[in-house]
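S.K.: let me see the structure of the following:
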Amino acid sequence: MAETLPINSDSGTDEEEEVEPKFKYQRIGNDLRNILNTDVVTCSAVHSKFLIFGTFRGRVYLLDHQGNSVESNLSIGDRHTHSVAVNHIDVDPKGEYVATCSDDGCVNITGLFSCENNHSLSYGKFIKAVALDPEVKSGVRRFIVGDDKLTLYERNLLQRLKPSELCAVEGSVLSICWQGNFVAWASHLGVRVYDLSEKCSLGLMKWEVPPESRLENFRCHLRWSNATTLLIGWVDTIRICVIRKRNVIEASSSNLPGFIVDPVSTFQTTFNICGLAPLAVNQLVVLGFRKERSADNKALRPVLCVIEYKMNTCEEVCTDSLSLRGFEEYTVNHYSLGCIIEENRYFIIAPKDIVVASLIETDDRVEWLIKHK
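M.R.: You can find the predicted model right below:
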């Protein structure tokens, strides 16, 4: 059986009235525990069928949602691994292919159960981000790699890869998130959205540089909540952007792209952001790293927060502190948040722990109310 251990979480302080919880938490065990005894998670991707993650040693593992290993091409030899830590993982919508990249300069496109369209590319430079075509019908004919430029690779009729440079980059590409014709990506200056149909950038959203640090010292978290809404979480700022067509007045200049990136809400959080995902209308689930330190200068427990946002303000609906293994030694970049939006399940990823947060169901609410009436 899968080991799904509940972990402690709290909302509010001892002085406040105890608040009915919004989530229940379960720790993933089974084969995952054995893997994490000798290695640590550096990146992950969550699919409705499975969980896949890369490690510090350059390995890539495929598990079911209970933490049991799943046999695939990733399990065969060392052909699909990296020589150093895996930086990023992406999975196609069907769950048939996985893309990985690393500071070893390699990008691997691997069929989980077929080797027909496998590719391994070597760049001789650090690669931080790769993205597979999110179109279900594409059969992974296209993927994008980011280094000092953004490059689209397409397979032609002879099954050969044709690279096309989309645009140059300020510094290097730090993260990529692809939805339909729009590719969002972050660089050392800020976030851009590229329109593949019009073959142009829709502009640069510059990000405020954190005091006494640099933007590239923080992971930029990008997620499309639907076909035209982009969620951005970087340092301690969240921005919700909508991609829309220009109106008649805006389109009067023929030199402008047909679409515009409209930031409909921007607000700051009390913590640094480790990941974000949609929950309900105007609500987000955000994984946060507290800026404060403990009395002995250790990191505090990370928080999972439900935030309700308006134009440029936000309110914390609930906040749970999470006791993840080893949290005292981690930094903001050690954590990430995966999700299955349709099921309202959120995967909290730490180097030595993976915990699943699920919305409280009716039976759980009744049990809690009976105990606390």
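S.K.: could I get the full set of helices for the stretch 1-150 of the chain?
M.R.: Secondary structure of the stretch 1-150 of the chain (DSSP state H, counting those that start in this stretch): helices at 31-36.
S.K.: pretty sure I176 sits against A129.
M.R.: Yes: look at I176 against A129 with C-beta atoms under 8 Å: they come within range, at 4.3 Å. The C-beta positions use only the backbone N, C-alpha and C, and glycine is treated the same way.
S.K.: ok, S75 - how many residues close by?
M.R.: Counted with other C-beta atoms under 10 Å, the neighbours of S75 add up to 13.
S.K.: show me the contacts for it.
M.R.: Contacts for S75 (C-beta atoms under 8 Å, 6 or more residues apart in numbering) come out as L62, S69.
S.K.: same thing but 6 Å
M.R.: Taking C-beta atoms under 6 Å, 6 or more residues apart in numbering, we find S75 in contact with no residue.
S.K.: and it, what's its pLDDT?
M.R.: pLDDT recorded at S75 is 81.
S.K.: same question for L158.
M.R.: Looking at L158, its pLDDT reads 67.
S.K.: what of N247?
M.R.: In this model, N247 is scored at 81, pLDDT.
S.K.: could you count how many residues lie near the nearest residue to L112 once chain neighbours are set aside?
M.R.: With C-beta to C-beta, 6 or more residues apart in numbering as the criterion, L112 has its nearest non-adjacent residue at 4.3 Å, and that residue is S72. Neighbours of S72 under the rule other C-beta under 10 Å: 18.
S.K.: ramachandran coordinates for S72?
M.R.: Backbone torsions for S72, taken as degrees, to the nearest 10, come to phi -160, psi -180.
S.K.: tell me the confidence at it?
M.R.: pLDDT for S72: 90.
S.K.: state the distance from it to Y97.
M.R.: Taking C-beta to C-beta, to the nearest Å as the measure, S72 falls 11 Å from Y97.
S.K.: repeat for P163
M.R.: Here P163 is placed at a distance of 18 Å from Y97 (C-beta to C-beta).
S.K.: and if you look at K49?
M.R.: K49 is 13 Å from Y97, where distance means C-beta to C-beta.
S.K.: more neighbours: which of the two?
M.R.: Between K49 and Y97, counted using other C-beta under 10 Å, Y97 has the larger neighbour count: 24 against 16.
S.K.: for A131, see how far away the more buried one is.
M.R.: Going from Y97 to A131 by C-beta to C-beta gives 12 Å.
S.K.: D262 now?
M.R.: 23 Å.
S.K.: so for these two, which residue has more residues nearby?
M.R.: In this view D262 and A131 are compared by other C-beta under 10 Å, and A131 has more residues nearby, 25 against 12.
S.K.: wait, doesn't the more buried one sit right on W178?
M.R.: Yes: under the contact definition of C-beta atoms under 6 Å, A131 touches W178, with a separation of 4.4 Å.
S.K.: what sits in contact with each of I176 and A129?
M.R.: Common contacts of I176 and A129, defined by C-beta under 6 Å, 6+ apart, comprise G146.
S.K.: give me the below-cutoff pLDDT ranges for the chain.
M.R.: For the chain, the stretches with pLDDT under 70 are 1-18, 77-80, 138-140, 157-158, 250-254, 362-370, 372-373.
S.K.: just say helix, strand or coil for E216.
M.R.: Here E216 is recorded as helix under DSSP: H, G, I helix; E, B strand; the rest coil.
S.K.: what about it, distance to L174?
M.R.: Going from E216 to L174 by C-beta to C-beta gives 6 Å.
S.K.: for E212, same thing?
M.R.: Using C-beta to C-beta, E212 is found at 19 Å from L174.
S.K.: now do V86
M.R.: Distance from V86 to L174, counting by C-beta to C-beta: 16 Å.
S.K.: and what of C101?
M.R.: 12 Å.
S.K.: so which of these two has more stuff around it?
M.R.: When C101 and L174 are compared for neighbours, C101 comes out ahead with 28 against 23, by other C-beta under 10 Å.
S.K.: is that one in a bridge, and if so with what?
M.R.: Residues in a beta bridge with C101, per DSSP bridges, are H88, V107.
S.K.: hang on, the earlier thing: surely the residue nearest to L112 is in contact with G111?
M.R.: No: judged on C-beta under 6 Å, S72 makes no contact with G111 at a distance of 8.7 Å.
S.K.: can you report how many residues neighbour the closest residue in space to V332 that isn't next to it in sequence?
M.R.: Among residues not flanking V332 along the chain, F289 sits closest, at 4.0 Å (C-beta to C-beta, 6+ apart). Other residues lying near F289 total 22 when counted by other C-beta under 10 Å.
S.K.: same question for R57.
M.R.: For R57, the tally of surrounding residues (other C-beta under 10 Å) stands at 15.
S.K.: that one touches D39, doesn't it?
M.R.: Yes: R57 is within contact range of D39, at 5.2 Å (criterion: C-beta under 6 Å).
S.K.: the nearest residue to R219 once chain neighbours are set aside: neighbour count?
M.R.: Closest residue in space to R219, ignoring its immediate chain neighbours: N333 at 5.2 Å, by C-beta to C-beta, 6+ apart. Counted with other C-beta under 10 Å, the neighbours of N333 add up to 13.
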